[in-house]
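A.B. asks: Curious how this folds, go ahead:
(one chain, ligands or ions: 1)
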Amino acid sequence: MSTIVGIDLGTTNSLVAYMDGKEPKVIADREGRTLVPSVISVDDQSWIVGEQARQRLITHPKTTVYSVKRLMGKGLADVGEECKYFPVFLSEKQPGVIQVEMGKYRLTPPELSALILKEVKQRAEEFLGSAVTQAVVTVPAYFNDSQRQATKDAGRIAGLDVLRIVNEPTAACLAYGLQKKKQGVIAVYDLGGGTFDISILKVKEGIFEVLSTNGNTHLGGDDLDQRLMEWVLREIEQEFGLDLQKNAESIQQIRLEVEKAKRRLSGEDLTEIVIPIKTGAVYRRPLKRVELESLVNDLIDLTIGPCRQALGDAHLSPQDIDEVVLVGGSTRMPLVRRTVQEIFHQEPHCEINPDEVVALGAAVQADILAGGIQNMLLLDVTPLSLGIETMGGGMSVLIPRNSTLPTNAKELFTTFADGQRSVDIHVYQGERELVKDNRSLSKFQFRDLDPLPAGMPRIEVNFTIDANGILQVGAKDLRSGKEQSVEVKPSYGLSDEDVTRMIEESFTFAKSDMDARSLIEARNEAATILRHTERALKQGEPLIEPEERNRIQEQITALKKAMEGDNHRLIREWIDQLDKATIHLAERLMDSTLQIGLKDKKLSELP
Ligand code: AMP
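C.D. replies: Next up, the predicted model:
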């Protein structure tokens with residue numbers, strides 16, 4: 001049976017985890033890295049994802065994109081200021097669907113997220129040694145229906161059946177529940193790179209019941225970085241008279257530097273920001289933790305309101321909370337920890353690595369779905385109210401926020417005019433009184449009604465929010481008893497045909513993507529063996545004959561030449577040749593330095 005993996009598709013980093021017997025574990029790459037930076041870049045030939053893409057942020061800002069999660073399920077109007085410094089150009093494919101322009105490619109956020117999912121899928125497949133086709137993927141609890149739909153679409157495009165979408169704080173709580181056996185009322189405070197979530201859960205005898213959730217999908221470490229970056233940009237302008245706002249490379253460089261400084265200040269009281277400027281000058285600025293704190297204090301304070309609201313919705317006061325658990329990289333900041341302590345009047349817990357805890361929880365949920373763990377049950381809630389538009393643009397709530405999932409509601413509709421043949425229904429999500437202030441989820445039409453006097457038809461529309469928090473709609477004409485399928489036009493915009501086309505396109509790209517990946521891997525391996533060989537040749541020169549030295553030198557030149565080309569097989573052949581040609585040299589080195597006869601060792605196997 002193939003493993004169902006748990007995936008944390010993060011704003012900054014993504015991770016994949018699986019259940020190793022009774023324990024969830026995060027899967028690392030060959031170098032032992034567990035985090036896959038959620039960064040995507042493209043060159044002439046292929047897509048580059050993860051660490052290598054991250055390294056291209058400064059060198060190729062126009063074709064490298066990060067924080068795609070902030071764009072999921074959104075239209076241009078939804079993103080506004082937060083993408084002001086995005087290096088790539090954003091346009092709209094259709095109303096409600098952003099497309100990211102990267103060189104000659106135009107991709108939607110679900111397609112970009114699919115590239116990250118494919119990367120983690122492949123990592124899991126390599127590790128587990130079998131195909132991975134099913135996953136549990138986490139999303140911020142406060143993601144609306146469109147953002148959840150977009151996440152599911154990303155899974156489909158990546159060839160993954162997303163069996164369940166789980167809220168990140170809930171997943172974190174599952175991991176804590178399993179590993180630390182926590183019981184009682186738990187508040188999970190989750191501040192990551194792009195989003196903030198607060199969830200309050202009751203954990204008792206294996207049942208994880210979410211009592212309330214709240215948050216802000218526009219608030220995270222990225223915003224702190226932007227604040228710091230704007231401050232540095234102003235200082236550079238004052239000090240050097242340079243306006244770097246439109247310079248994409250400089251913007252990325254400053255963003256990365258201030259982010260690193262911010263991290264350092266979680267452990268130190270003082271750091272220095274050093275940014276070389278193109279003119280040859282260098283911007284240097286000591287930065288104290290207290291200065292950083294006063295720059296971003298108001299942003300961290302934005303988490304207080306949602307926490308109070310979540311407590312209120314659960315009818316609890318801070319004293320009723322037994323434990324506070326921290327999740328997300330930004331909770332490493334002392335200012336955040338102090339703020340949490342002030343809100344909940346207690347020290348928060350962070351025993352499990354805040355970067356990994358969500359993926360671990362997703363793996364736990366995957367195991368529950370696979371039938372492995374049988375004594376745990378998760379009862380999640382919908383973060384936002386679901387309603388329909390009434391006459392005059394009001395919002396009539398059918399399913400209030402924090403209803404336990406899955407949940408449903410029915411509503412009767414009728415006609416306003418004699419002989420009316422169809423009824424339009426417009427569904428919204430949000431907490432405001434007027435639909436114009438909430439998010440339009442879908443519009444649909446109930447058609448082919450018999451031409452009856454106004455008010456006579458009785459159409460029952462059934463709204464269900466499934467366990468993933470995604471809306472499904474069914475409708476029935478109560479007069480005729482006929483069920484009618486309603487044509488739901490999701491306002492988020494990607495239709496089933498769009499997604500199918502994207503899946504097909506991703507297959508077309510798959511071959512060239514794989515070739516490009518093999519090329520990158522072969523080049524990296526070649527660079528490593530070249531480094532080893534050149535060092536060994538220097539050390540071992542007196543130990544071998546000049547002919548042997550020349551032979552090795554020739555192989556080195558041949559391998560370097562092959563690396564300039566794009567044939568990964570050829571590179572591998574020359575790696576093998578060089579490996580063989582250096583066996584003797586390796587032996588001599590070993591003999592002379594360690595005095596132990598290690599036969600048939602290749603240079604690449606030397607310490
Ligand atoms: P996540 O989305 O949970 O991976 O969180 C990523 C965010 O956490 C990014 O904005 C990082 O800059 C931030 N972060 C990671 N480590 C630290 C740290 N030590 N101090 C402050 N922020 C951090």
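A.B. asks: Show me what counts as buried in stretch 367-374.
C.D. replies: Residues 367-370, 373 are the ones in stretch 367-374 that count as buried (16 or more other CB atoms under 10 Å). For the C-beta atoms, the positions are set from N, CA and C on the backbone; glycine is no exception.
A.B. asks: what does it contact?
C.D. replies: Stretch 367-374 is contacted from outside by 1, 4, 19, 24, 136, 163-164, 178, 364, 376-378, using CB atoms under 8 Å, 6 or more residues apart in numbering.
A.B. asks: From those residues, list the buried ones, please.
C.D. replies: By neighbour count, with 16+ other CB under 10 Å, the contacts of stretch 367-374 hold 4, 19, 24, 136, 163-164, 178, 364, 376, 378 as buried.
A.B. asks: contacting residues around the closest residue to G220 other than its chain neighbours?
C.D. replies: Setting aside the residues directly before and after it, G220 is nearest to G194 in space (CB to CB, 6 or more residues apart in numbering), at 4.2 Å. The contact partners of G194, by CB under 8 Å, 6+ apart, come to 11-12, 67, 69-70, 217-222.
A.B. asks: just curious, which of these is nearest to the ligand?
C.D. replies: G221 (1.9 Å; CB to the nearest ligand atom).
A.B. asks: Can you report how many residues lie near the closest one?
C.D. replies: 28 (other CB atoms under 10 Å).
A.B. asks: Might one say that it is in contact with L191?
C.D. replies: Yes - using CB atoms under 8 Å, G221 is in contact with L191, at 7.4 Å.
A.B. asks: What mean pLDDT does stretch 364-377 get?
C.D. replies: Per-residue pLDDT values across stretch 364-377 average out to 91.
A.B. asks: Return the distance of it from the chain's centre.
C.D. replies: Offset of stretch 364-377 from its chain centre (CA atoms, centre = their mean, to the nearest Å): 23 Å.
A.B. asks: Could you report the pLDDT at the nearest residue in space to P400 that is not next to it in sequence?
C.D. replies: Residue nearest to P400 in three dimensions, not counting chain neighbours: S385, with 5.1 Å by CB to CB, 6+ apart. For S385, the pLDDT comes out at 89.
A.B. asks: Identify the residues contacting S385.
C.D. replies: Residues near S385 by CB under 8 Å, 6+ apart: 395, 397, 399-401, 429-431.
A.B. asks: Is any residue of stretch 42-60 near the ligand?
C.D. replies: No - Stretch 42-60 lies out of reach of the ligand by CB under 6 Å from any ligand atom, never closer than 12.5 Å.
A.B. asks: Would you mark the buried spots in that stretch?
C.D. replies: 42, 46-50, 53-54, 56-58, 60.
A.B. asks: can you dump the C-alpha coordinates of it into CSV?
C.D. replies: Extracted C-alpha coordinates of stretch 42-60, given in CSV (Å, rounded to 0.1, in the frame of the first residue of the first chain):
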residue,chain,number,x,y,z
VAL,A,42,12.7,29.4,-14.5
ASP,A,43,15.5,29.4,-17.0
ASP,A,44,15.4,28.8,-20.8
GLN,A,45,15.0,25.1,-20.3
SER,A,46,13.2,24.2,-17.2
TRP,A,47,11.7,25.0,-13.8
ILE,A,48,14.0,25.2,-10.8
VAL,A,49,12.4,24.7,-7.3
GLY,A,50,13.7,24.9,-3.8
GLU,A,51,17.2,25.8,-2.6
GLN,A,52,18.6,26.3,-6.1
ALA,A,53,15.7,28.6,-7.0
ARG,A,54,16.2,30.6,-3.7
GLN,A,55,19.8,31.2,-4.8
ARG,A,56,18.5,32.8,-8.0
LEU,A,57,16.4,35.4,-6.1
ILE,A,58,19.1,38.1,-6.5
THR,A,59,20.6,37.0,-9.8
HIS,A,60,17.3,36.4,-11.7
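A.B. asks: Return the residues in contact with the nearest residue to Y105 once chain neighbours are set aside.
C.D. replies: Distances taken as CB to CB, 6+ apart place V42 nearest to Y105, at 5.8 Å, with adjacent residues excluded. For V42, the contact set (CB under 8 Å, 6+ apart) comprises 48, 63-64, 102-103, 105.
A.B. asks: Which strand residues bridge V42?
C.D. replies: Beta-bridge pairing of V42 under DSSP bridges involves W47.
A.B. asks: how would you label T213: helix, strand or coil?
C.D. replies: Under DSSP: H, G, I helix; E, B strand; the rest coil, T213 falls in the strand class.
A.B. asks: Which strand residues bridge it?
C.D. replies: Beta-bridge partners of T213, counted by DSSP bridges, are S199.
A.B. asks: And it, how far from L386?
C.D. replies: 15 Å (CB to CB, to the nearest Å).
A.B. asks: With E168 instead?
C.D. replies: 21 Å.
A.B. asks: how about low-confidence regions in this protein?
C.D. replies: In the predicted model of the chain, residues 1, 484-496, 499, 502-503, 506-514, 516-517, 593-607 satisfy pLDDT under 70.
A.B. asks: got the residues of it near the ligand?
C.D. replies: The chain comes close to the ligand at residues 10-13, 192-193, 220-222, 259, 262-263, 266, 328-330, 332-333, 355, as judged by CB under 6 Å from any ligand atom.
A.B. asks: how about a cut-off of 5 Å?
C.D. replies: Neighbours of the ligand within the chain, by CB under 5 Å from any ligand atom: 10-13, 192-193, 221, 259, 263, 266, 328-330, 332-333.
A.B. asks: From these, list just the buried residues.
C.D. replies: In those, burial by neighbour count holds for 10-13, 192-193, 221, 259, 263, 266, 328-330, 332-333, counting by 16+ other CB under 10 Å.
A.B. asks: quick one, what contacts the closest residue to H60 other than its chain neighbours?
C.D. replies: The spatial neighbour of H60 that comes closest, neighbours along the chain excluded (CB to CB, 6+ apart), is S41 at 5.9 Å. For S41, the contact set (CB under 8 Å, 6+ apart) comprises 47-49, 52-53, 56-57, 60, 63-65, 102.
A.B. asks: what's in contact with whichever strand or helix holds K260?
C.D. replies: For K260, the element it lies in under DSSP states H and E is helix 248-264. Applying CB under 8 Å, 6+ apart, the contact partners of helix 248-264 are 57-59, 61-62, 85, 87, 221, 224-226, 228-229, 232-233, 244-245, 271-275, 277-278, 287, 292, 332-333.
A.B. asks: how about the residue most central in space within the chain, what does it touch?
C.D. replies: By CA atoms, centre = their mean, the chain has its centre lying nearest to G10, at 2.3 Å. For G10, the contact set (CB under 8 Å, 6+ apart) comprises 38, 69, 192-193, 358.
A.B. asks: can you rerun that using 6 Å?
C.D. replies: S38 (CB atoms under 6 Å, 6 or more residues apart in numbering).
A.B. asks: Using CSV, write out the CA atom coordinates for stretch 245-259.
C.D. replies: C-alpha atoms of stretch 245-259 as CSV (Å, rounded to 0.1, in the frame of the first residue of the first chain):
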residue,chain,number,x,y,z
GLN,A,245,12.9,51.2,-5.2
LYS,A,246,12.7,50.2,-8.8
ASN,A,247,15.9,48.2,-8.9
ALA,A,248,14.7,44.5,-8.7
GLU,A,249,18.1,43.0,-7.9
SER,A,250,18.8,45.5,-5.1
ILE,A,251,15.3,45.0,-3.6
GLN,A,252,15.8,41.3,-3.4
GLN,A,253,19.3,41.7,-2.0
ILE,A,254,18.0,44.1,0.7
ARG,A,255,15.0,41.8,1.4
LEU,A,256,17.2,38.8,2.0
GLU,A,257,19.7,40.8,4.2
VAL,A,258,17.1,42.3,6.4
GLU,A,259,15.4,38.9,6.8
